[in-house]
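**Q** Predicted coordinates and the sequence they were generated for:
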Amino acid sequence: MPTADEIFKDFREHSIAEFFKKNRQMLGYAGMVRSLVTVVHEYITNSLDACEEAGILPDINVKVGQIAENRYSVTVRDNGPGIPKKYIGKALAMILSGTKFHRHLQQRGQQGIGASGCTLFSQVTTGKPVHVKSYTSTAAFECNLSIDTIHNKPIVSNVIDIDRDGTGIVVEGEFAGVKYENSEHGILEYVKRTALANPQVQISFTDPLGKEYIFVRSSEKRSERPKATKPHPLGLSINDLLELAHTSESRKLSSFMIESLARTTPNKIEEMQKICSFDLGKDPKQLTWPEAEELVKAVQSVKWIAPDSASVTSIGADQIKIALRSILNPEFISVVERKPQVFKGGIPFVVEVGIAYGGGSGRQVEDTQMASIMRFANRVPLMFDSGSCAITEAVRGIQWKRYNLDIDTQPISVFVNISSVYIPYAGVGKEAIAQEDEIVDEIKLALMEAARSMQRYVRGRQIKSIEENKYKTIMRYTKQLATDLEELTSTDEKEIEERLEKLIAKHYPKLKQGEESAQGREGSSAA
């Protein structure tokens, strides 16, 4: 039998980069099509966040080129603020490093993994570094980036100063074990949906055949920047409270809570002091686990004002309508923006829903027109793992036929966006939202509200169609009836036909006017 010393002879420490090198499917690099979409997704979301934070209307250019079978190059350029030279390595080639994870602020990226994950993916599939050009307001340079996976440290090489060309970033990488596919899960669809959820963005995409697609900016309105806020007391676990307290510079626990937590006032401290068995005036660094547990229970027993929704910004109903009209050109749009709600006790989130009917809405599956469910989290399209997503669960949970809608046979696009400081993703790949009850219920309420408005339009459309069929059927027999009546009454056929048409027009005035207008347009076109 081996001894403990023998068993632990091979004991090693490993970096997070090594972990993701062996488990890259957790970052979304699973399947050839999905892996290539993930690369484009990570670079575009970084560009959008950077432009938004700098107050710049984003212009993003994406180019995908085929190098060999299952081997492609991806180049993404934006007009953002760029990245200073001293931060370039950590920003794009160091796992869990960045400007986002530590801030209580709504952003598309959250973990500081995305772009560094692309660098790692390029490195492990081709052995090549990623090439970067960065243009800031004061300088410009280019370099190669790779990762020391054993120590999770960036390797920056071939750094060269270059001439400035505006501001922004150009990232170019080569990736193997990937595949380009023009499908509902491909890059073109991802770019299209990004343009839908971000009407202030202009995106051009060039596919491997050299065909360029341009999604023109449909709104000049800059996105409202969310404000960083303090954590809400209701959202804190015992461990969270201990960590914050032990790193606080405040002398009293009460002062620490007022200064570090949202909605905490002296009156709230007094209420909690009556519940707690220990003095809230103690040094926060001396707070123990049992005391923190008692304090969390006290927090939960006190009534609090809801979290400040300034930390969350939605797309806006008007902006969604503009984007849907611009890209889908539907017959009718119904958009609903709900008021901010909270989940897990204290995290605010906002649900926005749009239903588009007709035009370019829906998707074609063989000979059948079906609905398309477009899922978004903080304006980022979610292209995969739809079966486990809260949005899909909510959409499938609606009894659509109650609203004269059928998502299996009608040309409908269902647009759902969730905005929050913290999106509860079901996995590290960030492609599905966990099925939190509060979130699923809120999506359902928004969908039902939008469906009621759509129901009125569809019902009116059906009634119009029935009336048109009746009108056409009657008009089809007018001439024959006039001929028969002439024989019976000896009245002129033409006179009878004219009187019949007047009688029909009296019962169907709108259809008669529409017919005359169409004939007028045809006449003017022929002229």
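**A** Structure's in. What do you need? Numbers count the residues shown, from 1 in each chain.
**Q** which stretches of the stretch 351-500 of the chain have low pLDDT?
**A** 460-471, 477 (pLDDT under 70).
**Q** what are the ranges of the strands in it?
**A** 363-365, 368-370, 372-377, 380-382, 412-420 (DSSP state E, counting those that start in this stretch).
**Q** what packs against the third one?
**A** Helices and strands in packing contact with strand 372-377 are listed as helix 187-197, strand 380-382, helix 390-396, strand 412-420; criterion 3 or more CB pairs under 8 Å, 6 or more residues apart in numbering; DSSP states H and E. Bear in mind the C-beta positions are built from the backbone N, C-alpha and C, glycine included.
**Q** I'd like these as a markdown table, with mean neighbour count appended.
**A** Output for the helices and strands packed on strand 372-377, formatted as a markdown table (neighbours: other CB atoms under 10 Å):
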| stretch | mean neighbour count |
| --- | --- |
| helix 187-197 | 23 |
| strand 380-382 | 25 |
| helix 390-396 | 22 |
| strand 412-420 | 25 |
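**Q** and those as JSON lines, adding distance to residue 84?
**A** Below are those laid out as JSON lines (distance: least, CB to CB, whole Å):
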{"stretch": "helix 187-197", "distance to residue 84": "27"}
{"stretch": "strand 380-382", "distance to residue 84": "26"}
{"stretch": "helix 390-396", "distance to residue 84": "38"}
{"stretch": "strand 412-420", "distance to residue 84": "29"}
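**Q** Can you say which of these is nearest to residue 326?
**A** Across the helices and strands packed on strand 372-377, residue 326 has its closest neighbour in helix 187-197 (8.2 Å, CB to CB).
**Q** For the closest one, the averaged confidence score.
**A** Confidence over helix 187-197, taken as the mean pLDDT, stands at 94.
**Q** Next, residue 170: phi, psi?
**A** When read as degrees, to the nearest 10, the backbone of residue 170 gives phi -120, psi 120.
**Q** Ok, residue 58 next?
**A** The phi/psi pair for residue 58 (degrees, to the nearest 10) is phi -70, psi 140.
**Q** What number of residues are in the vicinity of it?
**A** When neighbours are counted by other CB atoms under 10 Å, residue 58 registers 24.
**Q** Show me this structure divided up by domain.
**A** Using automatic domain parsing, the domain parsing of the chain gives 16-215, 233-301, 309-457, 477-526.
**Q** could those domains go into JSON lines alongside distance to residue 227?
**A** Formatted as JSON lines, the domains of the chain follow (distance: least, CB to CB, whole Å):
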{"stretch": "domain 16-215", "distance to residue 227": "7"}
{"stretch": "domain 233-301", "distance to residue 227": "11"}
{"stretch": "domain 309-457", "distance to residue 227": "4"}
{"stretch": "domain 477-526", "distance to residue 227": "51"}
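**Q** Out of the ones you listed, which is closest to residue 1?
**A** Between the domains of the chain, domain 16-215 lies closest to residue 1; by CB to CB that is 29.9 Å.
**Q** hmm, back to that, out of the helices and strands packed on strand 372-377, flag the one nearest residue 246.
**A** strand 412-420 (27.4 Å).
**Q** Can you name the residues that contact the closest residue to residue 59 other than its chain neighbours?
**A** Leaving aside its chain neighbours, residue 59 sits nearest to residue 79 (4.6 Å; criterion: CB to CB, 6 or more residues apart in numbering). Shown in contact with residue 79 (CB atoms under 8 Å, 6 or more residues apart in numbering): 51, 56, 58-60, 166-168.
**Q** And residue 216, by the same measure?
**A** When contacts are counted by CB under 8 Å, 6+ apart, residue 216 touches 202, 326.
**Q** what about it, distance to residue 167?
**A** According to CB to CB, to the nearest Å, residue 216 stands 22 Å off from residue 167.
**Q** Residue 249 too?
**A** As judged by CB to CB, residue 249 and residue 167 stand 37 Å apart.
**Q** next one: residue 265
**A** 43 Å.
**Q** More neighbours: these two, which one.
**A** Higher neighbour count among residue 265 and residue 167: residue 167, with 20 against 11, using other CB under 10 Å.
**Q** wait, isn't that one in contact with residue 135?
**A** Yes: using CB atoms under 8 Å, residue 167 is in contact with residue 135, at 5.0 Å.
**Q** Look at residue 137 and say how many residues are nearby.
**A** Residues within reach of residue 137, counting by other CB under 10 Å, total 11.
**Q** Tell me who's in contact with it.
**A** Residues near residue 137 by CB under 8 Å, 6+ apart: 81-82, 167.
**Q** Repeat that for residue 164.
**A** Contacts here follow CB under 8 Å, 6+ apart; on that basis residue 164 touches 135, 139-140.
**Q** how about a cut-off of 6 Å?
**A** By CB atoms under 6 Å, 6 or more residues apart in numbering, the contact list for residue 164 reads 135, 140.
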